[in-house]
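> Need a 3D model of the following:
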Amino acid sequence: MSTGIAEVVTPEEMAENFHFLDVILETKVMQLAHQYLVSRNLTSASERGFRQHLYDIWFQLYSRGGRGRDSSGFEHVFVGETKRGKEIMGLHNWVQFYLQEKHNHIDYKGFVARRDKNKVCIWLVYRRKEAAHCNDDIPVDP
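Numbers count the residues shown, from 1 in each chain. As a prediction, the model looks like this:
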């Protein structure tokens with residue numbers, strides 16, 4: 001996905017998103033996450049309210065480039081996106097990174113630098129363009 005280009009969410013995509021939420025909300029880890037967030041007054045105590053809260057923060061579109069709603073939190077973190085088709089943004093999910101590399105969409109060229117304790121930069125080829133990709137969200141277990 002590329003930022004700067006407004007997206008339209010179809011009814012089919014919305015149904016897929018809610019189905020995904022229904023499936024993950026059955027898992028123990030998401031039930032524990034719900035309990036924790038409720039204990040901190042950060043989400044609704046009802047399962048339906050929590051589901052809607054997750055939908056809003058993960059799938060509601062927002063503007064990243066000032067040209068309409070062109071991004072979602074889920075897309076940015078788990079899928080990755082490009083800024084006007086050039087700069088790589090997001091892609092904080094190492095499983096997705098692995099899958100993209102496995103399908104020859106990304107070619108990892110190596111570690112570039114550690115800018116601070118939370119920022120790692122790597123060199124890669126993405127869609128036939130070489131780029132440095134710095135990730136300041138080092139994944140951790142919940």
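> rest of the way, CA atoms for contacts and neighbours
OK.
> shaky segments in this protein?
Counting by pLDDT under 70, the chain shows low-confidence ranges at 1-6, 65-67, 82-89, 108-142.
> switch to 80 and redo it
In the prediction, the chain carries residues with pLDDT under 80 at positions 1-8, 63-71, 76-94, 96-97, 100, 105-142.
> Spell out, range by range, the helices that occur in this structure.
Using DSSP state H, the helices found in the chain span residues 11-24, 28-39, 47-59, 73-74, 94-102.
> Using CSV, please lay out these together with mean neighbour count and distance to G80.
Output for the helices of the chain, formatted as CSV (neighbours: other C-alpha atoms under 10 Å; distance: least, C-alpha to C-alpha, whole Å):
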stretch, mean neighbour count, distance to G80
helix 11-24, 12, 17
helix 28-39, 14, 23
helix 47-59, 16, 13
helix 73-74, 18, 9
helix 94-102, 14, 9
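> Out of these, the one nearest E81 is which?
Nearest to E81, of all the helices of the chain, is helix 73-74, at 10.6 Å by C-alpha to C-alpha.
> Residues contacting the closest one, please?
57-61 (C-alpha atoms under 8 Å, 6 or more residues apart in numbering).
> go on, stretch 12-26?
Contact partners of stretch 12-26, identified using C-alpha under 8 Å, 6+ apart, comprise 30-31, 51, 54-55, 59.
> So H76 is in contact with G90, correct?
Yes. With contact defined as C-alpha atoms under 8 Å, H76 reaches G90; the gap is 4.7 Å.
> follow-up on the earlier one: can I get the contacts of helix 73-74 in a markdown table including distance to H19?
Compiled in a markdown table, those are given as follows (distance: C-alpha to C-alpha, whole Å):
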| residue | distance to H19 |
| --- | --- |
| I57 | 16 |
| W58 | 14 |
| F59 | 12 |
| Q60 | 15 |
| L61 | 18 |
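> Pick out whichever of those residues sits closest to F97.
F97 has its nearest neighbour among the contacts of helix 73-74 in W58, at 19.0 Å by C-alpha to C-alpha.
> Contact partners for the closest one?
By C-alpha under 8 Å, 6+ apart, the contact list for W58 reads 72-75.
> Apply 10 Å and report the result again.
17, 52, 71-77 (C-alpha atoms under 10 Å, 6 or more residues apart in numbering).
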